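Peer 1: here is a sequence with its predicted model. Questions after.
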Amino acid sequence: MATLVIPPLTAARGERFFLISAIVMSVLVVAGFSLQLAAGRSSFGAPLRVHIHAIIFFGWVVLYLTQNILAARGSLALHRRLGWLSLAWIPAMVAMGTYVTVLLVRLGHTPFFFQPGYFLIMDPLSVFTFAGLAAAAIVKRRQTQWHRRLMFCGMAILLGPGVGRLIPMPLLIPYAGEAVFALVILFPIAGVIRDLRVTGRVHPAWWWGLATIAAMQFTINLITFSAVGVGIYNAVAAGSPGANVPPLAFPPFPPH
């Protein structure tokens with residue numbers, strides 16, 4: 001059986017791209033939430049559920065960055081052992097992300113730059129899509145080039161809340177969701193460009209990742225603005241203050 005030999009320079013460039021990207025992604029997430037804290041739009045006095053949600057999702061950012069550092073250093077044994085944490089971490093992210101979204105909808109506290117019905121579909125579907133890509137990456141863990149690219153695309157989806165806090169979302173109504181999508185998808189596009197420059201071809205994992213992210217955004221809009229989406233919202237909000245909030249109307253701007 002022939003052995004594929006990757007030239008040292010190409011391998012080094014590959015490690016550098018994924019490591020630098022992981023650092024940039026992590027910085028964006030931290031910067032986005034830090035800006036909210038500095039602006040007084042969030043505080044450490046938030047309910048316990050908010051802190052648990054933050055710990056779980058920031059924990060994944062730390063894990064993703066750590067895994068890329070270990071891979072770049074060649075500490076693959078530790079990288080593999082640490083990777084098994086994802087089997088518990090990802091389901092926790094799906095459960096907590098969905099729970100918090102449903103709770104905000106029922107309280108009638110969805111972000112004012114999203115229609116409540118859009119928010120209800122967008123958040124859980126984004127987390128489920130991330131989980132799907134991450135699960136595929138785990139299945140492909142023995143195929144490094146597939147594994148790292150699929151996990152990269154999954155991590156890109158999680159950038160939404162971070163980058164959304166760094167751009168003027170109120171000014172982007174009614175296209176705030178599409179604006180975040182456009183920024184998120186730039187990361188796998190950068191991966192495509194990197195492959196073309198370094199190897200002269202695009203690894204198919206990028207196409208799968210890009211198609212999945214695009215399908216996610218299409219599905220969010222398809223469900224939200226359909227009778228199914230309105231029905232889901234009404235069922236979730238039934239018997240709560242959120243039931244009095246029109247699912248497809250933008251909430252009023254918060255008082256200054």
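Peer 2: Done, it's in. Note that the coordinates shown come from a computational prediction; the quantities given were computed from them, not determined experimentally.
Peer 1: for the rest of this, base every contact and every neighbour count on C-alpha atoms.
Peer 2: Fine.
Peer 1: what are the buried residues along stretch 247-256?
Peer 2: Residues of stretch 247-256 classed as buried by neighbour count (16 or more other CA atoms under 10 Å): P247, L248, F250, P251.
Peer 1: quick one: which of those residues sit in strands?
Peer 2: Of the buried residues of stretch 247-256, none are assigned to strands by DSSP state E.
Peer 1: give me the residue at the spatial middle of this protein.
Peer 2: L158 (1.4 Å; CA atoms, centre = their mean).
Peer 1: hmm, F130 and that residue touching each other?
Peer 2: Yes. In this structure, L158 is within contact of F130 by CA atoms under 8 Å, at 7.2 Å.
Peer 1: mind listing what P111 touches?
Peer 2: Counting by CA atoms under 8 Å, 6 or more residues apart in numbering, P111 touches F119, P251.
Peer 1: what distance do you get for it to L159?
Peer 2: 17 Å (CA to CA, to the nearest Å).
Peer 1: now L48
Peer 2: 23 Å.
Peer 1: cool, W206 as well?
Peer 2: When W206 is compared with L159 (using CA to CA), they lie 17 Å apart.
Peer 1: and what of H51?
Peer 2: The gap separating H51 from L159 is 18 Å, by CA to CA.
Peer 1: these two - which one has more neighbours?
Peer 2: Legend: neighbour count by other CA atoms under 10 Å for H51 and L159, higher for L159 (22 against 13).
Peer 1: isn't the more buried one right up against A31?
Peer 2: No. Using CA under 8 Å, L159 is not in contact with A31; the gap is 11.1 Å.
Peer 1: who are the contact partners of G160?
Peer 2: Applying CA under 8 Å, 6+ apart to G160 gives the contacts V180, F181, V184.
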